[in-house]
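Asker: sequence and predicted structure below; questions after.
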Amino acid sequence: MKIGIVTGSHRKDSQSAKVGRFLSAQLDARDGVATWVLDLGRSPLPLWDEDIWSQGSQWSAIPDLKTALDQSDGFVVIAPEWHGMVPAALKNFFLLWAATGELSHKPALPCAVSAGEGGAYVISELRMSSYKNNRLCWLPEQLIARDVKAICNEDSTQNDTPNHDAFAERSRYALDLLLAYAAALRSVRNSGLIDHDTFMNGM
Ligand SMILES: Cc1cc2nc3c(=O)[nH]c(=O)nc-3n(C[C@H](O)[C@H](O)[C@H](O)COP(=O)(O)O)c2cc1C
């Protein structure tokens with residue numbers, strides 16, 4: 001089973017990427033699970049424009065990214081809270097994939113990141129406005145990495161142990177569910193029911 005981890009911060013050395021590494025290591029430790037990472041801070045994508053349809057030169061990375069998404073059974077989407085919003089790079093990412101299958105009817109675990117006690121706004125925003133045309137299926141579970149500088153650090157002396165352990169336990173549970181949904185939703189995608197030719201965009 002292959003899980004893609006999409007990190008939504010624009011920053012090259014973001015706390016979101018650190019959380020992504022922590023979650024990726026948890027997944028990689030499980031039998032039969034492989035992960036790959038798209039860090040939009042280190043590998044930024046152009047802002048959507050019409051040239052994407054004619055494969056303009058700025059879109060040369062898209063075929064490889066499409067293959068990686070197509071081959072994935074599910075996703076972890078990490079969104080730092082910026083001004084109470086999802087960063088533009090992540091919103092742009094969702095624009096690139098419509099009813100063309102890459103994300104469609106695949107489960108995704110949303111993970112918000114905040115230096116303080118925030119994070120809830122981005123979870124609401126992702127659940128409200130990111131999936132209509134690409135048909136990504138948000139899990140009913142979510143993660144919020146609050147006070148993020150004190151958790152998920154490779155150097156454990158930098159962690160606030162109770163907060164780190166609580167996040168680690170919660171993420172183990174949420175990732176187990178993500179893998180269960182990833183296995184289950186394969187049967188939905190193989191059911192023959194999905195008709196994006198007739199119903200290209202969500203209502
Ligand atoms: C432009 C900007 C806006 C931010 N706005 C918020 C916010 O609204 N709520 C919040 O909890 N943290 C906010 N933060 C702090 C982030 O939580 C913090 O940078 C954290 O490390 C996650 O971002 P990162 O993944 O880019 O490191 C903001 C940070 C930036 C750079």
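Answerer: That came in fine, so what should we check first?

Asker: residues from this structure in reach of the ligand?
Answerer: Counting by CB under 6 Å from any ligand atom, the chain comes close to the ligand at 9, 11, 14-16, 80-84, 113-116, 118, 148. Using the backbone N, CA and C atoms, a C-beta is placed for each residue, glycine as well.

Asker: go with 5 Å
Answerer: For the chain, the residues found near the ligand under the criterion CB under 5 Å from any ligand atom are 9, 11, 14-16, 80-84, 113-116, 118.

Asker: what's across from the residue most central in space within the chain in the sheet?
Answerer: For the chain, the residue nearest the mean C-alpha position is residue 77 (1.7 Å; CA atoms, centre = their mean). Per DSSP bridges, the residues bridged to residue 77 are residue 6, residue 110.

Asker: residues of the lengthiest helix in the chain that come out buried?
Answerer: Ranked by residue count and defined by DSSP state H, the top helix of the chain is helix 161-189. Buried positions in helix 161-189, judged by neighbour count with 16 or more other CB atoms under 10 Å: 163, 164, 167, 168, 171, 174, 175, 178, 179, 181, 182, 185.

Asker: try stretch 137-155
Answerer: Residues of stretch 137-155 classed as buried: 137-139, 141-146, 148, 150-153 (neighbour count, 16+ other CB under 10 Å).

Asker: for the host helix or strand of residue 3, give the mean pLDDT please.
Answerer: Using DSSP states H and E, residue 3 sits within strand 2-7. Averaged across strand 2-7, the pLDDT comes to 98.

Asker: from the contact counts, what lies against that strand?
Answerer: helix 15-28, strand 34-39, strand 74-80, helix 161-189 (3 or more CB pairs under 8 Å, 6 or more residues apart in numbering; DSSP states H and E).

Asker: now residue 103: how far from residue 137?
Answerer: Per CB to CB, to the nearest Å, residue 103 is found 9 Å from residue 137.

Asker: measure residue 202 to the ligand for me?
Answerer: Distance of residue 202 to the ligand, computed by CB to the nearest ligand atom, to the nearest Å: 28 Å.

Asker: what's the separation between that residue and residue 147?
Answerer: Counting by CB to CB, the gap from residue 202 to residue 147 is 36 Å.

Asker: pull the number of nearby residues for whichever residue of the chain sits closest to the ligand.
Answerer: Residue nearest to the ligand within the chain (CB to the nearest ligand atom): residue 118, separated by 2.5 Å. A total of 16 residues lie near residue 118 under the criterion other CB atoms under 10 Å.

Asker: can you check the one 3 residues further on too?
Answerer: Neighbour count of residue 121, defined by other CB under 10 Å: 17.

Asker: mind listing what the nearest residue to it once chain neighbours are set aside touches?
Answerer: Nearest residue to residue 121, sequence neighbours excluded (CB to CB, 6 or more residues apart in numbering): residue 84, at 4.4 Å. Residue 84 makes contacts with 118, 121, 122, as judged by CB atoms under 8 Å, 6 or more residues apart in numbering.

Asker: got the angle between the lowest-mean-pLDDT helix or strand in the chain and strand 74-80?
Answerer: Between all helices and strands in the chain, the lowest mean by mean pLDDT, DSSP states H and E belongs to helix 62-70, at a mean of 95. Going by axes from the mean of the first three to the mean of the last three CA atoms, to 10 degrees, helix 62-70 is angled at 110 degrees with respect to strand 74-80.
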